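S.K.: Pasting a predicted model and its sequence here:
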Amino acid sequence: MPLEIERKFLVIGDGWRDAAHAVIPMAQGYLNDLATVDGGAMRASVRVRVAGDEAFLNLKSRELGHTRQEFDYAIPVADARALLALCVGGAIDKRRHLVEHAGHLWEVDEFLGDNAGLVVAEIELGSADEAFAHPDWLGVEVTDTPRYYNLALASRPYSQWSETERAAG
């Protein structure tokens, strides 16, 4: 069973930009919405993503925290674009910046469109207790804060958040 062990953090400042060695434009959407997953009708999100010149269908179990089941399948880009037209909720548009720091790869997602202004960094780990260095541009951890999950951002984008929600982390 494929597991994803991932931690997510808000990003402070622009110190990460000079360290980025690649930028991948991404468009993604969900074939199910937050309500069906949170309500228990479905126990996984179903995502379609176009990342640069590649495309993927992804299923991720809905558990709070850093460890989830994840299944990722390459699909033709034309199929992904057709599936994106069937998605519910809003589209997620972002630029993913790849940043190496102290032996780990960080994915810094700079959101666009209705989620513009939000920047988060994710790190995938080999185990839940794996140690890693915190770059100086890393802010508060939001791994356990569901509103930062992409599925939630598709249903209720960052542009709709209150100032209190944005400041709370």
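M.R.: Yes, it's here.
S.K.: Counting residues, which helix of this protein comes out longest?
M.R.: Longest helix in the chain by number of residues (criterion: DSSP state H): helix 77-84.
S.K.: distance between that one and the chain's centre?
M.R.: Using C-alpha atoms, centre = their mean, to the nearest Å, the mean C-alpha position of helix 77-84 is found 19 Å from that of the whole chain.
S.K.: That helix: which residues count as buried?
M.R.: Of all the residues in helix 77-84, those buried under the rule 16 or more other C-beta atoms under 10 Å are 80, 83, 84. (Glycine included, C-beta is placed from N, CA and C.)
S.K.: what does stretch 114-129 give?
M.R.: Across stretch 114-129, burial judged by 16+ other C-beta under 10 Å covers 114, 115, 118, 119, 120, 121, 122, 123, 125.
S.K.: Contact partners for the last one?
M.R.: With contacts defined as C-beta atoms under 8 Å, 6 or more residues apart in numbering, residue 125 is in contact with 5, 6, 7, 66, 132.
S.K.: List the neighbours of the longest helix of the chain that are in contact with it.
M.R.: Defining contact as C-beta under 8 Å, 6+ apart, one finds that helix 77-84 is touched by 27-29, 31, 48-50, 53-57, 75, 91.
S.K.: How about stretch 30-40?
M.R.: 42-48, 62, 83, 86-89, 150-152, 154-156.
S.K.: repeat for stretch 51-58
M.R.: 24-26, 45-49, 70-77, 79-81, 83, 96.
S.K.: Filter these down to the buried ones, ChimeraX style.
M.R.: Here is the ChimeraX command that selects the buried residues among those (16+ other C-beta under 10 Å):
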select :26,45,46,47,48,49,70,75,80,83,96
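S.K.: For residue 146, grab the count of nearby residues.
M.R.: By other C-beta atoms under 10 Å, 12 other residues sit near residue 146.
S.K.: Check residue 149 too.
M.R.: By other C-beta under 10 Å, the residues close to residue 149 number 19.
S.K.: Ok, the one 4 residues further on next?
M.R.: By other C-beta under 10 Å, the residues close to residue 153 number 25.
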